[in-house]
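kindly generate the corresponding structure for this input.
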Amino acid sequence: MNSGMTSRAGGPPNPIILFDGVCNFCNRSVRWIIRHDQRGYFRFAPLQSDTGAKLQQEFGLDPNALDTLVLIEGRRAFVKSTAALRILRRVRSGWRVVYALIVLPRPVRDFAYDWFARRRYRWFGKRDQCMVPSPGVRERFLS
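Got it, this is the predicted structure:
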């Protein structure tokens with residue numbers, strides 16, 4: 001997966017974010033995205049869910065790799081730093097300008113992403129089970 005993305009024949013109508021459902025940082029990030037995605041552009045699924053595993057397999061990703069962020073847009077799946085930057089580009093906040101980091105070579109961006117990902121449980125902790133979305137946003141989560 002050298003390009004930071006994979007492809008498939010079809011694609012979901014809304015972009016889907018696959019995230020580590022037991023990671024506290026990841027769960028807070030999803031809640032932040034929901035607050036700043038007032039148009040309801042994104043859909044969500046934990047990597048650990050059946051839907052998350054199925055989508056990872058469809059796009060040729062390792063369903064056991066739970067240390068990454070996946071963004072599925074149309075027929076393409078983006079991972080790690082590319083996924084994070086593409087998500088920030090779509091939300092309504094000052095963080096949109098961070099997308100400019102996309103000009104950095106992907107290996108450099110992913111090195112920083114991996115460094116952070118290896119420490120996220122230690123810094124932010126983890127849950128025993130995936131988050132349960134509140135009734136107000138439940139329709140944005142894939143089951």
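
and the longest helix seen in the chain, what does it pack against?
In terms of residue count, the longest helix belonging to the chain (DSSP state H) is helix 106-124. The contact analysis (3 or more Cβ pairs under 8 Å, 6 or more residues apart in numbering; DSSP states H and E) places helix 106-124 against helix 24-36, helix 80-90. Heads up, the C-betas are built off the backbone N, CA and C, glycines and all.

give me the contact list for that helix.
Applying Cβ atoms under 8 Å, 6 or more residues apart in numbering, the external contacts of helix 106-124 come out as 3-4, 23-26, 28, 67-68, 80-82, 84-85, 101-102.

change it to 6 Å
Helix 106-124 has contacts (Cβ atoms under 6 Å, 6 or more residues apart in numbering) with 4, 23, 24, 25, 67, 80, 81.

tell me which two in those residues are the farthest apart.
4 and 24 (25.3 Å; Cβ to Cβ).

more neighbours, the two?
Ranked by neighbour count (other Cβ atoms under 10 Å), residue 4 and residue 24 place residue 4 first, with 19 against 16.

any stretches of this structure with poor pLDDT?
By pLDDT under 70, the low-scoring segments of the chain are 1-12, 129-132.

rewinding a little: most packed of the helices and strands packed on helix 106-124?
Among the helices and strands packed on helix 106-124, helix 80-90 has the highest mean neighbour count (mean count of other Cβ atoms under 10 Å), at a mean of 20.

next, the angle helix 106-124 makes with that one.
80 degrees (axes from the mean of the first three to the mean of the last three Cα atoms, to 10 degrees).

okay, angle between helix 80-90 and helix 24-36 too, please.
Going by the same axes, to 10 degrees, helix 80-90 makes 20 degrees with helix 24-36.

what does helix 80-90 contact?
Outside helix 80-90, the residues that reach it (Cβ under 6 Å, 6+ apart) are 4, 41, 68-71, 78, 95-96, 98-99, 102, 109-110, 113.

can I have the buried ones of the residues you listed as a ChimeraX selection?
Buried residues within the contacts of helix 80-90, by 16 or more other Cβ atoms under 10 Å, are selected in ChimeraX with:
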select :4,68,69,70,71,78,109,110,113
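
brilliant, that's me finished.
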